Structures are given as C-alpha cells and as structure tokens.
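**Student:** My questions are about this predicted structure, shown below with the sequence.
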Amino acid sequence: MPEPSWQRSTFSGGPQGECLSIATAPDGTIRLRESDTPDVTLATAPQALAALLRHARRPAQRNG
C-alpha cells in the first residue's frame, strides 16, 4: 500500500513541537498519527471521526 499523504493539523506545533497528522487511506478510512510515534496510526471511518469532533465541540453540560 502506498504511503498516505500526511497533512499536519493547524492546531499542532506548540512549544514542544507536538504535531497531529491526518491522511486519507486508499480504502477511504481516515488515519491519524502523532509526531512522537509516527509508526503508530489510528484508523477510523470518516463518519466516526466527524461524530467525535461534533461531540468534542459541544459545550460541557453541568450536573446538578
């Protein structure tokens, strides 16, 4: 399988140079990796990643 074309997140690159990269694999899955461990990747479906991002962007709900 060819190497995916990795794109660095615009939110990456803090003082320690930490980076998150994302790529689309030929099978349509989304791949994520950190600059600290580029050989370790997380694969997910585009719909699952979109749902995670929607949830993360929602304001926190208070209990009580």
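**Tutor:** Right, received. Where do you want to start? Residues are numbered from 1 along each chain as shown.

**Student:** Help me confirm that Ile30 comes into contact with Leu49.
**Tutor:** Yes - under the criterion of CB atoms under 8 Å, Ile30 makes contact with Leu49 at 5.2 Å. The C-beta positions use only the backbone N, C-alpha and C, and glycine is treated the same way.

**Student:** Which one's more surrounded, the two?
**Tutor:** When neighbours are counted by other CB atoms under 10 Å, Ile30 comes out ahead of the other of Ile30 and Leu49, with 19 against 15.

**Student:** Quick check: the more buried one vs Ala45, distance?
**Tutor:** Distance of Ile30 to Ala45, computed by CB to CB, to the nearest Å: 7 Å.

**Student:** Tell me where this protein has strands.
**Tutor:** 7-8, 20-24, 30-34, 37-44 (DSSP state E).

**Student:** now Trp6: how far from Ile22?
**Tutor:** 7 Å.

**Student:** so what's the most centrally placed residue in the chain closest to, chain neighbours aside?
**Tutor:** A centroid search over the chain (CA atoms, centre = their mean) returns Leu32, at 4.3 Å, as the residue closest to the centre. Ranked by CB to CB, 6 or more residues apart in numbering and with sequence neighbours excluded, the top spatial neighbour of Leu32 is Leu42, at 4.5 Å.

**Student:** Quick check, pLDDT for that neighbour.
**Tutor:** As predicted, Leu42 sits at a pLDDT of 94.

**Student:** can you count the residues close to it?
**Tutor:** So Leu42, with other CB under 10 Å, has 12 neighbours.

**Student:** Ala48 versus that one, what's the distance?
**Tutor:** Distance from Leu42 to Ala48, by CB to CB: 11 Å.

**Student:** All good on my end, thank you.
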